[in-house]
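Q: Structure for this input, please:
(one chain, ligands or ions: 1)
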Amino acid sequence: MGIKIDGKALAKDIEQRLVHEIDVEIDHAGRPPGLAVIRVGDDPASGVYVRNKEKACSRIGVKSFVLHLDKKTTIDQLISEIDLLNQNQNVDGILIQLPLPAGLNEDLVLKAISPSKDADGLHPLNLGKLLKGEIGPRSCTPAGIMALLSSNEITIEGKRAVVVGRSILVGKPMAIMLQEANATVSVAHSRTKNLIELTSQAEILVVAAGKPNLITDKHVRNNAVVIDVGIHRVKNHLMENQSGTKLCGDVDFEKVESKVSAITPVPGGVGPMTVSMLLVNTVSLWQEHCGLSFTLSDLLP
Ligand code: NAP
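A: Alright, predicted model coming up:
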């Protein structure tokens, strides 16, 4: 039976460290770190994610600025709001809650955020820095996965790693970070032929396909480390809660758990780390903006 990699516990440790960093430096900085979160429209899941981010900020002493815009907001209006936040001296990080309503071009909106306030690490300049191995804010979910691997003392160097999914949010930056840590990396996507043949070579398997229970025991080699990024609410006959649904990932946890050396559960694995890394990016940007020492580089792969 593999060990369950505990993202909640690590997220809590990182938050404690950030509380300490802010405490030590706030007098010198003259103000707390600030994170602006922009939500457009009324997608209920986005509402939950934004509230979670707000709560995380208040737990560690980051001031949050939440902007909830109407779903009819035009691209020009949205970019003007981003410009105001780019100029606001109390805001260190800006995050756009994705997905945006249809008709708003995500690329244009992400590019409008100043690269020096890019809390999600998704600005093209910061993705370029990742590619070149230069310091900068990092995409939160893959950065969180790197922290999980490191804190669980899972060696990456020399390992055969496979990433399922090639999105700009998760799969692509994940593959670069693993390669930078000296794994030999393959990336699978929806056109990959014979997924089982590829994934069963992986000593480290990261799955970010957005397909519930795609990966079963057949896909996984003995003693692999499996990281499940997917998160889905599905019907559950055993009625885990009153709505008769439960959360699951892209990996069929029950089938895979006995074969692996370590695995992230859903919930409680990768999810909490994504929020933690958003806070790490924000506090790092605050350190940069306020001329403080940069103390979190070990958490930014
Ligand atoms: P996405 O943009 O939909 O990308 C999915 C990727 O998976 C695409 O590259 C797609 O290939 C590939 N794919 C789809 N079906 C496949 C299959 N059958 N075999 C192999 N590859 C397949 O999704 P995403 O934004 O990366 O997110 C992935 C999942 O992670 C979602 O469930 C999302 O909710 C979750 N997520 C969780 C967190 C967290 O904090 N826990 C954060 C971000 C995302 P093509 O490129 O060929 O289409």
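Q: my guess is V260 contacts N223, does it?
A: Yes - judged on CB atoms under 8 Å, V260 makes contact with N223 at a distance of 6.7 Å. C-beta: built from backbone N, CA, C; applies to glycine.
Q: Pick out whichever of these two has more residues nearby.
A: V260 (21 against 11; other CB atoms under 10 Å).
Q: Skipping its backbone neighbours, what lies nearest the more buried one in space?
A: G2 (3.8 Å; CB to CB, 6 or more residues apart in numbering).
Q: What of A36?
A: The spatially closest residue to A36, leaving aside those adjacent along the chain, is F65, at 4.1 Å (CB to CB, 6+ apart).
Q: In a strand, the one you found, correct?
A: Yes - assigned with DSSP: H, G, I helix; E, B strand; the rest coil, F65 falls within a strand.
Q: which residues touch stretch 44-56?
A: 15, 35, 37, 39, 62, 64, 66, 68, 95, 97, 99, 275-276, 278-279 (CB atoms under 8 Å, 6 or more residues apart in numbering).
Q: Out of the residues you listed, name the ones that lie in strands.
A: L35, V37, R39, S64, V66, H68, L95 (DSSP state E).
Q: Show me which residues of the stretch 51-200 of the chain sit near the ligand.
A: 141, 164-167, 169-171, 188-192, 195 (CB under 6 Å from any ligand atom).
Q: what do you get if the cut-off is 5 Å, keeping everything else the same?
A: T141, G165, R166, S167, L169, V170, A188, H189, S190 (CB under 5 Å from any ligand atom).
Q: contacting residues for the first one?
A: The reference is to T141. Listed by CB under 8 Å, 6+ apart, the contact set of T141 reads L169, V170, M174, A208, V229, V270, M273, T274, M277.
Q: Could you break this protein into its assigned domains?
A: 25-114, 140-271 (automatic domain parsing).
Q: Quick one: closest of those domains to P301.
A: Closest to P301 of the domains of the chain is domain 140-271 (CB to CB; 4.2 Å).
Q: quick one: average pLDDT of the closest one?
A: Here domain 140-271 scores 95 as its mean pLDDT.
Q: so how far is the first residue of it from its last?
A: End-to-end distance for domain 140-271: 10 Å, by CA to CA, to the nearest Å.
Q: before we move on, what about stretch 84-95?
A: End-to-end for stretch 84-95, by CA to CA: 14 Å.
Q: which residues sit against it?
A: 31, 33-38, 53, 63, 65, 67, 82, 112-114, 117-120, 137, 278, 281-283, 285-286, 289.
Q: any idea where the helices of the chain begin and end?
A: Here the chain has its helices, by DSSP state H, at 7-29, 44-60, 75-87, 106-112, 124-132, 140-151, 171-180, 195-199, 253-256, 270-289.
Q: right, so of those, which gets closest to D298?
A: Closest approach to D298 among these (CB to CB): helix 140-151, 8.4 Å.
Q: Hmm, L125 and I113 touching each other?
A: No - I113 lies out of contact with L125 (CB under 8 Å); the separation is 10.1 Å.
Q: more crowded one of the two?
A: A direct count of neighbours by other CB under 10 Å for I113 and L125 places I113 higher, at 25 against 13.
Q: can you give me phi and psi for the more buried one?
A: Phi and psi for I113, reported as degrees, to the nearest 10, are phi -70, psi 130.
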